[in-house]
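> here you go, sequence then predicted model.
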Amino acid sequence: MSFVCANFVNTWIVEKEQIRILKYTCMAMETIYSLFKLQVTERPDALAVMDDKRQLTYAQLDRLIDTIASKFLSNHPKFIGIVMDHGVEMIASILAAVKVGAAYVPAEPSFPIERIRYM
């Protein structure tokens, strides 16, 4: 059994004993968003996130991310401030920021407004 990692500059083919090490190395070369999309493809109906109010499958979370990301695309922001309570929507917002290539800046809603504006 061999394993091929197409993400390497040179394709490496290794024996069964080395698959686990190489698999983790290949995964480290992926982005968080690409690993999320892999889960959407492989397990669309599996539970992805939940909070006290709701739970979403990978497919549902992906649709929510697309909806949020569509609001960012016209501006092409470099940074996106996320000021919200922890929950499903916060996770979706973080992944939407990552999807559009922006850095996200999290802030707690309880922070003083002056601090949030400074951030």
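Done, it's in. The shown structure was predicted, so the numbers you read here are calculated from the model rather than taken from an experiment.
> hey, let's count contacts and neighbours off CA atoms from now on
Will do.
> longest helix in this protein, by residue count?
Ranked by residue count and defined by DSSP state H, the top helix of the chain is helix 58-72.
> in that one, what counts as buried?
58-62, 64-66, 68-69, 72 (16 or more other CA atoms under 10 Å).
> make CSV out of these and add pLDDT.
Shown next, in CSV, are the buried residues of helix 58-72 (pLDDT from 0 to 100):
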residue, pLDDT
58, 96
59, 97
60, 98
61, 97
62, 97
64, 97
65, 96
66, 96
68, 94
69, 94
72, 84
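> if I look at the nearest residue to residue 47 once chain neighbours are set aside, how far off is residue 99?
Closest residue to residue 47 apart from its sequence neighbours, by CA to CA, 6 or more residues apart in numbering: residue 57 at 4.3 Å. Distance from residue 57 to residue 99, counting by CA to CA, to the nearest Å: 18 Å.
> ok, residue 48 - contacts?
The contact partners of residue 48, by CA atoms under 8 Å, 6 or more residues apart in numbering, come to 55-58, 61.
> mind doing that once more with 7 Å?
56-58 (CA atoms under 7 Å, 6 or more residues apart in numbering).
> am I right that it is in a strand?
Yes. Counting by DSSP: H, G, I helix; E, B strand; the rest coil, residue 48 is located in a strand.
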